[in-house]
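> Need the 3D shape of this:
(2 chains)
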Amino acid sequence: MSFVSKVQFLVIAVCALSSSINAQGDDYFEGETITVYVGRTPGSGADLSVRVFVEFWQRHIPGNPTMIVRNVPGGGGTRVWNFGAEVAANDGLHILYSPTSGAAAILNQPGLRADFSQMPYIGGLMSPNMAYVRTDKVKLPSDLLTADGLKFGGQTPAHRFDLLGRLGLDAVGADYQYATGFPGAADVFNAIRRGEVDIQVASLGLYRFSIEPTLVKEGLAIPLWHNPSADPSGNVAALAVAEDIPSYMEFYEDLVGEKPSGEEYEMYKWLLPRVNNIVYAALLPPGTPDEIQLILRQSFIDVTEDSSYQEEELTMYGFNLPVIGASEGTEILDSLYDVPENVTVFLENYIDAVQ
Amino acid sequence: MIDGLIAGLLLTLSWPTLGYLFLGVFLGMWIGAIPGLGGAVGLALMLPFTFNMDPVPAFALLLGMYAVTSTSDSISAIMLGIPGTVASQATILDGYPLAKKGQAARAFGATYTVSAFGGVVGALLLAVSLPIVLPFIFAFGVPEFFMLSVLGLTMVGVLSGQSILKGILVALLGLLLTTVGYADATGVPRFYFGINYLLDGIPIIPIVLGLFGIPELMELAVKNTSIARVSRDDSSNSGMLRGIKDAWIYRWLTLRCALIGTYVGMIPGLGAAIVDWISYGHAVQSARDKSQFGNGDIRGVIAPEAANNAHKAGALIPTVAFGIPGSIGTAILLGALVIKGLRPGPDMLTTNLSLTFSMIWEIALANLVAAGLLMLLSRQVQKVAFLPGHLVVPGVMVVLLMGAWVATNSMGDWWVCLAMGTLGYLMKQSGWPRPPLILALVLGGLMENNLQLSSQIYNGYEWLFNRPAVVAIEILIGVTVLLAVRGIINPKGKNASGGEGATRNPLLSLALSVAFCMVFFLALLETLNFGGAATSQFPKAILTVALPITLLLVVKDSQASMRVTAVAGNLREALSQAADKSELQPSLVFIAYLLVTVGITYLVGQLVALPLFVIAYLLVWGGYRPRDAAIYALMTSFIIWGFYGELMNLLFHPSLFFSG
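Below you'll find the model as predicted:
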């Protein structure tokens, strides 16, 4: 976040706190119903995560409003954001909480009309992810560069797991074949079990609950790296929740013997915060009053600090999802609209090469 | 093992688990009966209520609900020709004709008996197979999935009645429709014409509801006939007991289809929609006398209904044992397991074996309870078949439109539903079979996806010849095609299946042939804009086959039209006769009613537009009194607001004049 943005942010916060927080704050939501919109179909993973979060959220908003979840799927996940930007009222009673479309914004994919930089950020959660490989071809990570016939399984070329996985493998100079188009992460996992593909980037949740107790325990797979957290300025930090798996930077150094570098690595690092940090973002329609933003931001943080919610997360994912606060989230969303031309050209060519 | 079995039973029968199971069954019966909803939606709705429950009662509620939606979904399939869920698509082919013959109760008797049987068989197989099924599941790779989807597509021959060429063409249209939206392998959007709604592809529910539901409602409206075309007296020998006897007579078919359902369910990725058609195709292929299929053959109801309940138990095997969900429904159940802190995998077969067995008992018990309850209810439900059409049409139309709306809560769902309704009407009137379109829609995505993945993973197409399972399926495909060809060469007699495709109206059929030709041609032009080969390969392959067949059909229909014109004396008279025969004018007026309703919805939202449709229909079309229309509309409003709005939290189309 630039200095000017930080000052603006502080001014807004102070003004909001001093003016009308009491007039409109504590009782603003009393007796009201807040609708939370999720851009996925009922029962999908994102839908379940949001529903569980909302279950706790309504207890932390002053006035204890009722919260309901509505599904607005479509447009490759972009319709919910368009709905929030163009249709939903900006009275604080309408919250968009859904997987972000960072890649869609960067790649200017069709369908996305919403401008995330105009939509106030409430809070967000990161969904850590990692790469693993079958051991019949790669017994140790050091075998990666000499293994023959490696196949990397993905979902679609612009998917963050596909992009980060390919860039990560290309940066270290691995020789592999790319097979994409699996309907979901579980399908790639099945293909790995069947031995049809060898490498997958998967969520840490899938790893903890399905991959680690089966493939890894049976000696059929080993973890390679986890994708770390990063900010738009390029500062990278390993994730505590995945401390048993090396971060990509550690993996690179162990494998190549030097600090990560090169075009693919730079692109990997550039993409990390923009497509991988905020997986679930709660945004408000443009123009929602500042004091309401503050209340909702605080309540979002309160949920993530609620021990019963944290227990629920541990049960669901096996770890607590890292929280992306307001300043960091706002900075990341703003950075989606400041894409250097070389990045655009690289990514377009990188994706087009598959087609 | 035995200890786990008994402990599981005791857990299931304990209080409050049993109460939650009954509650789940009750809710599942309703959710399955309402077109457009289904098990996955029901699970998503119920899941938040289980957050604070213990695992056993929570799964009693969820599984009780989930297991029985594919039993009660047959109500609308049989009574209205509208599948309640995707699992009952094939049931309508013979279920609805049975209702028209006044034999709805017979169809219900058979359906509920075989559904309960299928559900219990599936649960038993689930119990037996859990420890040994892993090699079976992993024997199916992407090449086998591709070949299985091709095998499924060969059912087009069975589903096309007497119009195999048209059946193939309709299936090709279905395949083409599955290529709309983002291509999985490349992420490039195809055939979306700048319309965001199309980016994720066309949802199947509005297509099915429109294609099958609207033409039937149109017919009821135009003819103002009851669903049953015979009097109650004529249907007195067609009660539920006869249906139960039918289930016994065709017990081996029931058993085979239950096995098909369970084993297809075990293979992740092959959903209930597919098993429905596979089992129906099996029933037709294995029958000596095929002549009544499509006209109300009870075997056409027994086969899919036995399979779809068994499928759900089968689908639970990879979910529970390996954490591999094979459908949206099982993915939600997997989510429920995780939320409860349970780990799918070996633990479920060791530490948590009693819980796993309690889930099996719950499925078995839920199926039995639902069958019993639905049999009791059906005595009342089947009376709807004898109500005047005008009383049935508006209410069902509202439910149908809201069912379509459930897909993505977007006006696009309604446009698709109406477009498919119009197409369905034209196809029905001109002898074009509709089921192949749905079959292709179900299979198209699987086909393209697995074909692309197979060629990427196995570097080309050698897998077509060097994988034993693929070769075995190819032999099966060969046999199926040979049987279909034999049916074409010898279409008369007991070997010919009836139903869809039997009606002829050459002039209308010619119009459709020409329209298909134009659609395929325009699609071919559009594919030229697709950049990479991976994006355009599949649609181009479809169109390469489709265009010559369409041209052939245009020629054939032109010849038939000339003959009809010669008989009529001149073209104007022939057109007039064709329009009269298909009741074109009133049907177009009905479509106009729906278009106006859509237009009003843009202005004021569903809460106002749909009750207005009900009032307009009853007053103007039906000739009912204003008071009756007002009461009917009021009830409609209450259902839309209460059920769809408050209970399901559906997002309605925003009104320009008020918020809601």
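> Okay, the residue in the stretch 51-200 of chain A that chain B sits nearest to and A:Phe300: tell me how far apart.
The stretch 51-200 of chain A approaches chain B most closely through A:Gly181 (3.5 Å), counting by Cβ to the nearest Cβ. C-betas here are computed from N, CA, C, even on glycine. A:Gly181 is 36 Å from A:Phe300, where distance means Cβ to Cβ, to the nearest Å.
> still on that earlier bit, the residue of the stretch 51-200 of chain A closest to chain B - how many residues pack around it?
25 (other Cβ atoms under 10 Å in any protein chain shown).
> which regions of chain A lie under the pLDDT threshold?
For chain A, the stretches flagged by pLDDT under 70 are A:1-26, A:355.
> All the helices of it, in order from the start?
Secondary structure of chain A, counting by DSSP state H: helices at A:3-19, A:45-60, A:79-86, A:102-106, A:160-172, A:185-194, A:204-206, A:248-256, A:263-271, A:290-305, A:307-317, A:326-335, A:341-352.
> Return the list of helices and strands in contact with the fourth one.
Read it as helix A:102-106. helix A:160-172, helix A:341-352 (3 or more Cβ pairs under 8 Å, 6 or more residues apart in numbering or on different chains; DSSP states H and E).
> So which residues make contact with that helix?
Residues outside helix A:102-106 that contact it (Cβ atoms under 8 Å, 6 or more residues apart in numbering or on different chains): A:76-78, A:109, A:111-112, A:116, A:158-160, A:163, A:271, A:274-275, A:278, A:332, A:336-337, A:339, A:343-344, A:347.
> Provide a PyMOL selection command restricted to the buried entries of these.
Buried members of the contacts of helix A:102-106, defined by 16 or more other Cβ atoms under 10 Å in any protein chain shown, are picked up in PyMOL with:
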select buried, chain A and resi 76+77+78+109+111+112+116+158+159+160+163+271+274+275+278+332+336+339+343+347
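> give me the subset of the contacts of helix A:102-106 touching chain B.
The subset of these within reach of chain B, by Cβ under 8 Å from any Cβ of the partner chain, is A:Gly76, A:Thr78, A:Gly111, A:Ala158, A:His159.
> and A:Pro289, how many neighbours?
Count around A:Pro289 with other Cβ under 10 Å applied: 17.
> for the stretch 101-250 of chain B, which spans come out with low pLDDT?
Checking the stretch 101-250 of chain B against pLDDT under 70 turns up B:130-131, B:161, B:230-238.
> can you give me the helices in it?
B:104-129, B:134-138, B:142-153, B:156-159, B:164-177, B:204-208, B:214-223, B:240-249 (DSSP state H, counting those that start in this stretch).
> Let's have the ones you listed in a markdown table, adding mean neighbour count and distance to chain A.
Formatted as a markdown table, the helices of the stretch 101-250 of chain B follow (neighbours: other Cβ atoms under 10 Å in any protein chain shown; distance: least, Cβ to the nearest Cβ, whole Å):
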| stretch | mean neighbour count | distance to chain A |
| --- | --- | --- |
| helix B:104-129 | 27 | 18 |
| helix B:134-138 | 14 | 5 |
| helix B:142-153 | 23 | 6 |
| helix B:156-159 | 27 | 24 |
| helix B:164-177 | 24 | 17 |
| helix B:204-208 | 26 | 11 |
| helix B:214-223 | 22 | 23 |
| helix B:240-249 | 18 | 32 |
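> Including distance to B:Ala541, could those go into a markdown table?
What follows is the helices of the stretch 101-250 of chain B, written out as a markdown table (distance: least, Cβ to Cβ, whole Å):
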| stretch | distance to B:Ala541 |
| --- | --- |
| helix B:104-129 | 36 |
| helix B:134-138 | 29 |
| helix B:142-153 | 12 |
| helix B:156-159 | 16 |
| helix B:164-177 | 9 |
| helix B:204-208 | 22 |
| helix B:214-223 | 30 |
| helix B:240-249 | 42 |
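> Let me know which of the helices and strands packed on helix A:102-106 is tucked in deepest.
Among the helices and strands packed on helix A:102-106, helix A:160-172 has the highest mean neighbour count (mean count of other Cβ atoms under 10 Å in any protein chain shown), at a mean of 23.
> Give the other helices and strands that that one contacts.
If you count contacts as 3+ Cβ pairs under 8 Å, 6+ apart, helix A:160-172 packs onto helix A:102-106, strand A:129-134, strand A:150-154, strand A:176-180, strand A:199-203, helix A:248-256, helix A:263-271, helix A:341-352.
> Mind giving me the packing neighbours of the second one?
The contact analysis (3+ Cβ pairs under 8 Å, 6+ apart) places strand A:129-134 against helix A:160-172, strand A:199-203, strand A:221-226.
> any residues touching stretch B:513-531, and which ones?
Contacts of stretch B:513-531 (Cβ under 8 Å, 6+ apart): A:352, A:355, B:169, B:172-173, B:176, B:188, B:190-191, B:536, B:539-540, B:543, B:546-547, B:550-551, B:553-554, B:557.
> Lovely, talk soon.
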